[in-house]
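>>> fold the following and give me the result.
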Amino acid sequence: MKKTLRYNYRLNPTPEQEAKLVEFGATARGIWNLLLSENMRRYEFDKTFLFYKDMASLLKDIKTFEEFNWIKAFDSAAAQQVARDLETALKNAISKGRLQRFPKHKISYKKKKLHNDSFRAVNNSNCIRIENGAISIPKVGKVPIILHRELASKIKTVTVQFRHGKWECSITQEVECKTAKQVLKTITGFDINSKQTVVGSNGYVADNPKFLKQSKTKLNQLQRQLARRTKGSNRWQKTKQRINKLHGKISRQRLDFAHQISRQITNENDILVFEDLNVKAMQKFNGSMVADNVMALITQLSKYKAELEGKLYHEIGRFEKSTGICAECGQHHVLTLNDRYFTCTACETNQNRDLSAAKSIAKTGELDLIAAGIVARVTPHISAEISH
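This is a model prediction of the structure:
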């Protein structure tokens, strides 16, 4: 089985190439706004939408007009990718059961004063390749790239964007997953909470580094400076860019931490059991704390890493109770957020709240896998050998 993965690399374009990348990003934004306006006009006229084939045909037809020469200078495959993205956004907005809103027009540079538009190029006939420390991008040329890791396979697409003061490219590739293991030796449940990022049923604990809290003093200082500047002035723009770069540093620290934790727990366990957390609802309660804990990110990364290694990833139901259950006898208890330890009322065992929750998650996941027929034989102990 193959899986499509995305790898991010830093670009070091020359001034001429940077101007071209900015121009192509603006062109992609203009095509999006043009096609979206045409869809809105069409819907007002006969209650229908244009989808990919119609939009691609429209782009081909309007290239002949002089006022649309800016589209002719753009990569045709990249323009078609904009039409595909808009089609996906329209279908998600009008489909029942999806909470996505109707797509909006993208803001121009005149309003946001930031060249952060992106465009996606497709590797047709090996037009995108990396040679001698540079990546070839259609109609841009060979752009120097920092290749911090080797490519896993052939390049499918490349998305170029200016983020947090640096040019980046996101390369998608197809990676072959390892053959699923026939004998799985360990099953571990993981509890994710606000105090520790991850607590495993095998005793593994990863503390929350709280990167936002570490940079809070500097961030508050920059935000006070921004409040004193005249909005729209050069000094206001410079301070805003410094804040943007600091937020970029925090997001990279979180991503690196999540990759390290997910890789470690994937390497050490054969079956990973997590809770299906409603992170969006939790953010309404305390958004900064939940975001700084990378709760959802760790589960996403662990899932795809487990699939690549031929291991098993499972999530228990969102409404399955795990907190306050005794790991020894299964007695249920009602705990507050301040109760980090509790004593079982039935067997009088003093235990850690998070560790007992992780063990409960492991037991629930084990029963789910048996009921689904994924695991054929399970020995009574959590860390015993499992065949499937």
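
>>> C-alpha from now on. contacts and neighbour counts both.
Noted.

>>> wait, what's in contact with Leu219?
By C-alpha atoms under 8 Å, 6 or more residues apart in numbering, the contact set of Leu219 is Ile243, Leu246.

>>> what's the spacing between it and Ala152?
Going from Leu219 to Ala152 by C-alpha to C-alpha, to the nearest Å gives 38 Å.

>>> same thing with Ser262?
Distance of Ser262 to Ala152, computed by C-alpha to C-alpha: 20 Å.

>>> between those two, which is the more surrounded one?
Ser262 (21 against 13; other C-alpha atoms under 10 Å).

>>> in which helix or strand would I find the more buried one?
Secondary structure from DSSP states H and E places Ser262 in helix 234-268.

>>> helices and strands around that helix, which ones?
helix 211-214, helix 216-228, helix 295-308 (3 or more C-alpha pairs under 8 Å, 6 or more residues apart in numbering; DSSP states H and E).

>>> buried residues in that helix?
236-237, 239-240, 242-243, 245-251, 253-254, 257-259, 261-263, 265-266 (16 or more other C-alpha atoms under 10 Å).

>>> who's in contact with whichever helix or strand comes after it?
The first helix or strand that comes after helix 234-268 along the chain, using DSSP H and E, is strand 271-275. Applying C-alpha under 8 Å, 6+ apart, the contact partners of strand 271-275 are 184, 186-192, 266, 299, 306, 311-318, 361-362, 365.

>>> again, only using 7 Å
186-191, 311-318, 361-362, 365 (C-alpha atoms under 7 Å, 6 or more residues apart in numbering).

>>> separate out the buried members of those.
186-191, 311-316, 361-362, 365.

>>> which one of these is nearest Ser136?
Lys311 (36.2 Å; C-alpha to C-alpha).

>>> gap between the nearest residue in space to that closest one that is not next to it in sequence and Gln223?
Distances taken as C-alpha to C-alpha, 6 or more residues apart in numbering place Asp270 nearest to Lys311, at 5.4 Å, with adjacent residues excluded. Separation of Asp270 from Gln223 (C-alpha to C-alpha): 46 Å.

>>> with Ser170 instead?
30 Å.

>>> next: Arg163.
20 Å.

>>> with just CA atoms, put stretch 207-227 into CSV.
What follows is stretch 207-227, C-alpha atoms only, in CSV (Å, rounded to 0.1, in the frame of the first residue of the first chain):
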residue,chain,number,x,y,z
ASP,A,207,5.8,16.6,29.7
ASN,A,208,4.3,19.6,27.9
PRO,A,209,7.1,22.1,27.0
LYS,A,210,4.6,25.0,26.6
PHE,A,211,6.4,26.8,23.8
LEU,A,212,3.9,29.7,23.7
LYS,A,213,4.4,30.3,27.4
GLN,A,214,8.2,30.3,26.9
SER,A,215,7.9,33.1,24.3
LYS,A,216,5.0,35.0,26.0
THR,A,217,7.3,37.8,27.4
LYS,A,218,8.7,38.6,24.0
LEU,A,219,5.3,38.3,22.3
ASN,A,220,3.7,40.6,24.8
GLN,A,221,6.5,43.2,24.3
LEU,A,222,6.0,43.1,20.5
GLN,A,223,2.3,43.4,20.7
ARG,A,224,2.6,46.4,23.0
GLN,A,225,4.9,48.0,20.4
LEU,A,226,2.4,47.2,17.7
ALA,A,227,-0.4,48.9,19.7
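
>>> in it, which residues are buried?
Those would be Asn208, Pro209, Lys210, Phe211, Leu212, Leu219, Leu222, Leu226, for stretch 207-227 by 16+ other C-alpha under 10 Å.

>>> now for Asp54, how many residues are close by?
Asp54, neighbours per other C-alpha under 10 Å, totals 12.

>>> show me where this structure dips below the pLDDT cut-off.
Scanning the chain with the threshold set as pLDDT under 70 gives 109-115, 285-287, 376-388.

>>> ok, which stretches of it are helices?
15-46, 52-62, 69-72, 76-94, 109-112, 211-214, 216-228, 234-268, 279-292, 295-308, 353-372 (DSSP state H).

>>> contact partners of the second one?
Which is helix 52-62. Leu35, Phe68, Gln80, Ala83, Arg84, Glu87.

>>> separation between the most centrally placed residue in the chain and Ile192?
What sits nearest the mean C-alpha location of the chain, by C-alpha atoms, centre = their mean, is Leu297, with 6.8 Å. Distance of Leu297 to Ile192, computed by C-alpha to C-alpha: 11 Å.

>>> then Gly373?
27 Å.

>>> just want to know which of these two has more residues nearby.
Taking neighbours as other C-alpha under 10 Å, Gly373 and Ile192 compare with Ile192 leading, 23 against 11.

>>> give me the neighbour count for the nearest residue to Thr14 once chain neighbours are set aside.
In this structure, Thr14 finds its nearest non-sequential neighbour in Val143, 7.6 Å apart by C-alpha to C-alpha, 6+ apart. Neighbours of Val143 under the rule other C-alpha under 10 Å: 17.
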